[in-house]
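1. sequence and computational prediction follow.
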Amino acid sequence: MDSKAAVSVLPLHQGEVPIYMETGKAYPRAVKGTFRSLKWWATAVTLTWWHLAPFLRWDRGAGEPNQAILIDMAGRRAYFLFIEIWPQEVYYLTGILLIAAISLFLMSALAGRVWCGFFCWQTVYTDLFVWVEKLVSGDRSQRIAFDRQPMSAGKFGKTALINLVWAAISAACGIGFTLWFGDAFQVLGEIFTGTASVATYGCIVVIGGFCFLLGGYARERVCVYLCPYSRFQSAMFDEHSLIVTYEAWRGEPGGTARKGQSFEGRGHCVDCRSCVQACPTGIDIRRGNQLACIGCALCIDACNSVMDRYNLPRGLISYDSSANIEARGRGGQGGVRLIRPRTLIYGGILAVVGSVMLIRLVSRPDVEVNVLHERAPLYVQMSDGSIRNGYVYKVLNMKAADRSFTLSLSGLDGATMDVVGGETRATQAELQVARDSVGSFRIYVTAPAAALTGKGMTVNFDLDGPSRRIETPSLFAGPEK
């Protein structure tokens with residue numbers, strides 16, 4: 001075999017039709033190896049987090065929810081440990097989504113579709129469902145034969161059992177989803193005692209139904225046809241990205257072989273198709289990087305086991321970069337380049353966005369004020385000639401304690417105010433705002449006509465609180481002079 005042979009991919013042999021093309025369904029064969037073990041660990045970690053994280057507790061004080069991670073739709077709050085997010089702070093969600101997207105790009109630039117192959121929910125549940133199917137009806141060849149059998153009592157029973165277990169797993173997925181939106185212990189008790197809301201049961205049906213459909217029946221079709229990531233994945237890769245690759249320079253020309261025969265003058269690929277049979281999307285990695293490859297690396301485990309049987313070096317299929325494959329094909333040495341312009345740009349964006357969010361989180365105020373001027377009417381002229389304007393004054397108390405604020409006026413000589421919902425004095429009022437709530441007050445500001453110089457005067461609402469003073473200017477409307 002010429003070690004300097006040009007890198008190429010295996011052509012499609014005339015008349016060759018993979019089993020996926022015959023049946024419209026992939027039948028992945030069970031394999032053992034490093035990447036299969038890593039996938040099971042990823043599945044265990046992912047499902048453990050999904051189902052048990054809602055039960056983690058975090059003490060926020062009396063009257064506050066003690067679930068560590070909670071999206072409280074009814075209370076319009078989101079809690080993550082010591083962080084409490086209000087609806088108007090939706091920019092945090094924007095930042096999280098941006099970080100998730102850039103992290104995916106960085107992950108892809110470094111190690112290809114490692115997310116798809118190990119941590120994506122579609123991959124996790126498909127793996128689990130295939131494992132159940134294997135326990136009931138056998139490994140790959142047995143499942144193919146089972147599906148081709150005519151319907152019988154035995155086939156119906158096994159199919160029913162498979163679907164029943166899938167439904168149980170899907171229901172657990174749906175229940176796990178609902179626990180993030182309410183106290184996990186309470187919601188779980190309500191679900192199993194039949195006292196949960198219709199919305200809760202509906203959510204379980206929708207989430208569980210999609211899990212059942214996509215993981216049990218759609219499977220690889222989701223990765224190949226529905227997932228948008230597969231369409232633009234190649235834009236995330238470069239020649240130094242670590243992806244699942246076939247060393248064509250070493251494997252070709254391949255062909256069938258007997259154990260113990262010499263491989264002098266030929267490639268190491270024995271055309272056993274173990275890599276194809278192990279692939280959950282049914283592709284042949286020997287034909288190069290493809291849209292349907294999810295980077296699960298099961299073909300590596302399958303190929304390595306065959307190489308061991310023939311006493312050949314492992315790594316005919318490996319997690320490597322195309323630059324390294326080409327370098328070794330020319331007789332050189334490859335290397336891993338993690339730091340390069342693409343990864344630096346992604347890392348820089350992550351650092352900037354993360355820093356902005358952290359600074360905003362640390363410096364976020366614990367009180368916010370909004371003043372809304374009444375529009376109909378803009379002002380009212382009183383019987384003594386003075387002018388009155390109406391306002392809705394809202395104070396957002398983001399502390400877990402009742403608070404008292406002092407509201408005063410400035411900027412308009414002789415103005416007084418009446419506060420509906422507060423203890424009023426001529427130019428000052430005490431506003432009581434409950435913990436974690438918005439205090440809404442209707443304020444009427446009255447100024448003598450002589451104090452007005454024209455339409456469009458400004459009055460300042462000065463709020464003195466326990467932590468800081470907030471000045472909020474607003475329009476004071478009056479007749480034109």
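-> Perfect, thanks for sending it.

2. so who does W115 touch?
-> Contacts for W115 (Cβ atoms under 8 Å, 6 or more residues apart in numbering) come out as L104, M107, S108. In this view, the C-beta of every residue, glycine as well, is placed from N, C-alpha and C.

3. check which residues of whatever helix or strand the second one lives in are buried.
-> The reference is to M107. If you go by DSSP states H and E, M107 is part of helix 91-111. By 16 or more other Cβ atoms under 10 Å, the buried positions in helix 91-111 come out as Y92, G95, I102, L104, F105, L106, M107, S108, A109, L110, A111.

4. and stretch 379-390, by the same measure?
-> Quick answer for stretch 379-390 (16+ other Cβ under 10 Å): Y379, S386, I387, R388, N389, G390.

5. other SSEs contacting the helix or strand harbouring R143?
-> In this assignment (DSSP H and E), R143 forms part of helix 140-148. Applying 3 or more Cβ pairs under 8 Å, 6 or more residues apart in numbering; DSSP states H and E, we find helix 140-148 packed against helix 19-23, helix 121-137.

6. what comes up buried for that helix?
-> In helix 140-148, counting by 16+ other Cβ under 10 Å, buried: R140, R143, I144, F146.

7. partner residues bridging the nearest residue to S437 once chain neighbours are set aside?
-> If the residues on either side of it in the chain are set aside, S437 comes closest to N397, at 6.0 Å by Cβ to Cβ, 6 or more residues apart in numbering. Beta-bridge pairing of N397 under DSSP bridges involves V367, S437.

8. contact partners for N397?
-> Taking Cβ under 8 Å, 6+ apart, one finds D366, V367, R403, V433, A434, R435, D436, S437, V438, G439 in contact with N397.

9. next, count neighbours for the fifth one.
-> Meaning A434. Residues near A434, counting by other Cβ atoms under 10 Å, number 11.

10. check contacts around the residue nearest to it when sequence neighbours are not counted.
-> Leaving aside its sequence neighbours, A434 sits nearest to D402 (Cβ to Cβ, 6+ apart; 5.5 Å). Counting by Cβ under 8 Å, 6+ apart, D402 touches Q432, V433, A434, R435.

11. ok, 10 Å please
-> Going by Cβ atoms under 10 Å, 6 or more residues apart in numbering, D402 touches Q432, V433, A434, R435, D436, S437.

12. how about the helices in the stretch 101-250 of the chain?
-> Ranges of helices within the stretch 101-250 of the chain are 114-118, 121-137, 140-148, 153-178, 184-193, 198-213, 220-221, 229-236, 248-251, based on DSSP state H, counting those that start in this stretch.

13. now distance to A447 too, for those, in TSV please.
-> Shown next, in TSV, are the helices of the stretch 101-250 of the chain (distance: least, Cβ to Cβ, whole Å):
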stretch	distance to A447
helix 114-118	62
helix 121-137	61
helix 140-148	83
helix 153-178	54
helix 184-193	53
helix 198-213	50
helix 220-221	70
helix 229-236	61
helix 248-251	85
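
14. and these as CSV, adding mean pLDDT?
-> Shown next, in CSV, are the helices of the stretch 101-250 of the chain (pLDDT from 0 to 100):
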stretch, mean pLDDT
helix 114-118, 90
helix 121-137, 93
helix 140-148, 87
helix 153-178, 94
helix 184-193, 92
helix 198-213, 94
helix 220-221, 86
helix 229-236, 77
helix 248-251, 86
